[in-house]
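**Student:** Following is a predicted model, sequence given first.
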Amino acid sequence: MKNYTIEDLAEGIKGVEEVQQLMDKLVEYIKKNKKKKGPSLLEDISETQQKMMSHSKLITDEFNIFRELINLETRERKIKKIKDYYSKFNKAELLEELVKARLLIEGHELRIGVQNRKITALDEFYDNHQRGRIEKNKSKQKGKEKTYKSNNDCLEQCYKAFSKTLEAPVRPIDYPAYKRFLLKLYPHPPFIPEARLTAKEKQQSIQIQNEDRDLKARYTWSDATVRAAFRKFSGAIATTLKK
């Protein structure tokens, strides 16, 4: 049988506190992004948060009991009480109680072992899932960078040329001038991505689909793209307001 120590208790309580902190952060995230999220998602998150808080409270309460048992003064009082109770038992009765206690402890340890294996399996599943998502996002980002390389090269070349025209380091308020400089050198991005169609639009004839793509296609630089490039190369957040 394992002898549980104060260190075991401390680690357990630390884990519970970390869960509670994460749930608090999740609540704050929900409040800040309430308008951006659908009601069903908010309800699911809220329900999960309530369940986690209930479980955390239950675990914390159990740890508090365990903490009391580990406390030397409480432990001595508990030992004395148990001794006084069993002092009236004969040898056969004590043996029977010992067997019951031993079986009960072993049953608890088996159950704890099963739960630990479940937690380990879930941790591994989560880690693999997250690792897969990270790798997928990296691959997707590399593909996007390759696809838009010609556009990104134009943005970078334009920024280098623009920065040389200034007498001082590039400032946030220089963004409008940078954009005008870009449009003068490269009125249109070299690569024009194919516009996406809705499921309903895809049911139309190929000719109409192509016409819709032409109508939806962006042949100019998007402000978001130019702003992102300006921030990437200058380290400044673009603004049109003079300070």
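**Tutor:** Looks like it came in fine. Numbers count the residues shown, from 1 in each chain.

**Student:** okay, CA-based contacts and neighbour counts for the rest of this
**Tutor:** Fine.

**Student:** For S87, grab the count of nearby residues.
**Tutor:** Counted with other C-alpha atoms under 10 Å, residues neighbouring S87 total 9.

**Student:** Please tell me how far it sits from K138.
**Tutor:** Relative to K138, S87 is positioned 69 Å away (C-alpha to C-alpha, to the nearest Å).

**Student:** Could you do R231 as well?
**Tutor:** As it turns out, when the distance is counted by C-alpha to C-alpha, R231 lies 21 Å from K138.

**Student:** Starting from the host helix or strand of E124, tell me the next helix or strand along the chain.
**Tutor:** Secondary structure from DSSP states H and E places E124 in helix 91-147. The first helix or strand that comes after helix 91-147 along the chain, using DSSP H and E, is helix 149-164.

**Student:** now for that following helix, which elements pack on it?
**Tutor:** helix 175-185, helix 223-234 (3 or more C-alpha pairs under 8 Å, 6 or more residues apart in numbering; DSSP states H and E).

**Student:** for E156, what are its contacts?
**Tutor:** By C-alpha atoms under 8 Å, 6 or more residues apart in numbering, the residues touching E156 are A229, F233.

**Student:** Per-residue confidence, it, what does it come out as?
**Tutor:** Looking at E156, its pLDDT is 93.

**Student:** again, but for T60
**Tutor:** In this prediction T60 is given a pLDDT of 65.

**Student:** picking up where we left off before, out of the helices and strands packed on helix 149-164, which gets nearest to V99?
**Tutor:** Closest approach to V99 among those is made by helix 223-234 (70.6 Å; C-alpha to C-alpha).

**Student:** Now do the buried residues in the closest one.
**Tutor:** V226, R227, A229, F230, S234 (16 or more other C-alpha atoms under 10 Å).

**Student:** Would you format the residues you listed as TSV with distance to I192 and pLDDT included?
**Tutor:** Putting these into TSV (distance: C-alpha to C-alpha, whole Å; pLDDT from 0 to 100) gives the following:
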residue	distance to I192	pLDDT
V226	15	92
R227	18	92
A229	17	91
F230	20	92
S234	25	90
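
**Student:** Which parts of the protein belong to which domain?
**Tutor:** Under automatic domain parsing, the residue ranges defining each domain of the chain are 6-147, 149-234.
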